[in-house]
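>>> What would the 3D arrangement of this be:
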Amino acid sequence: MKKLMVAAVLAIAMSAAPPDPVAWKLEEAPAMPVKPGARFNLKLVAKIQEGWHMYSLKPMAEGPIPTRIWLPEGQPFQLAAPIQAAEPQTLQDPSFNMEVELYEGEATFTLPVRIAASASGGSQTLVANASYQSCNNKICLPPKTVKVEIPIAVGK
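Predicted coordinates for the structure are as follows:
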């Protein structure tokens with residue numbers, strides 16, 4: 001009976017958990033094939049549901065968990081320079097009792113990408129990872145990492 005009650009409480013808690021309020025998408029892939037060794041920019045866009053926010057890339061001691069974006073190893077793509085982020089809002093956050101930087105609505109990040117000189121021609125999948133925490137005025141969801149992909153045409 002005790003196991004059944006625990007299972008019921010867990011099922012209710014899981015069904016009450018909100019869906020992810022942030023949707024990620026890579027945009028603006030080059031229209032023409034990119035030559036190996038070349039650089040190009042991609043846009044990584046986070047669409048944030050109304051009433052929710054996520055934090056900027058800036059780490060803050062004793063503050064919220066910052067957003068982190070990277071290109072994982074094992075692909076012919078790497079970051080060629082630091083990521084450029086849209087200007088975040090700066091607000092006093094009573095939960096952290098400090099000024100924080102956050103995004104509401106939409107956040108756009110420009111990823112300067114270099115393709116490896118040894119990359120094979122044809123369609124290659126570029127993978128970007130984003131780790132972030134989303135909050136509303138009542139709760140913060142656990143930090144989450146997502147994988148976002150986009151095909152890139154590689155010329156020879």
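>>> Does the spatially closest residue to residue 145 that is not a sequence neighbour lie in a helix or a strand, and which?
Across the structure, with CB to CB, 6 or more residues apart in numbering as the measure, the residue nearest residue 145 apart from its sequence neighbours is residue 131 (4.3 Å). To be clear about C-beta, it is placed using only N, CA and C from the backbone, and glycine gets the same treatment. Element membership of residue 131 [criterion: DSSP states H and E] is strand 122-132.
>>> what lines up beside that strand in the sheet?
Within its sheet, strand 122-132 is paired with strand 68-70 (antiparallel), strand 144-154 (antiparallel), according to DSSP bridges.
>>> which stretch among the ones you listed comes nearest residue 56?
strand 68-70 (10.6 Å; CB to CB).
>>> which residues pair with the residue sitting nearest the centre point of the chain across the strands?
The geometric centre of the chain, computed from its C-alpha atoms, lies nearest to residue 130 (CA atoms, centre = their mean), at 3.1 Å. Residue 130 has these beta-bridge partners by DSSP bridges: residue 69, residue 146.
>>> and what of residue 153?
With DSSP bridges as the criterion, the beta-bridge partners of residue 153 are residue 123.
>>> picking that back up, what's next to the strand holding residue 131, contact-wise?
When contacts are defined by CB atoms under 8 Å, 6 or more residues apart in numbering, strand 122-132 is touched by residues 22, 24, 26, 29, 42, 44, 46, 54-55, 65, 67-72, 75-77, 111, 113, 115, 143-154.
>>> from the residues you listed, which would you call buried?
By neighbour count, with 16 or more other CB atoms under 10 Å, the contacts of strand 122-132 hold 22, 24, 26, 42, 44, 46, 54-55, 65, 67, 69, 71, 75-77, 111, 113, 115, 148, 150, 152, 154 as buried.
>>> Kindly tell me how buried residue 48 is, as a neighbour count.
One way to gauge burial is a neighbour count; for residue 48, by other CB atoms under 10 Å, it gives 19.
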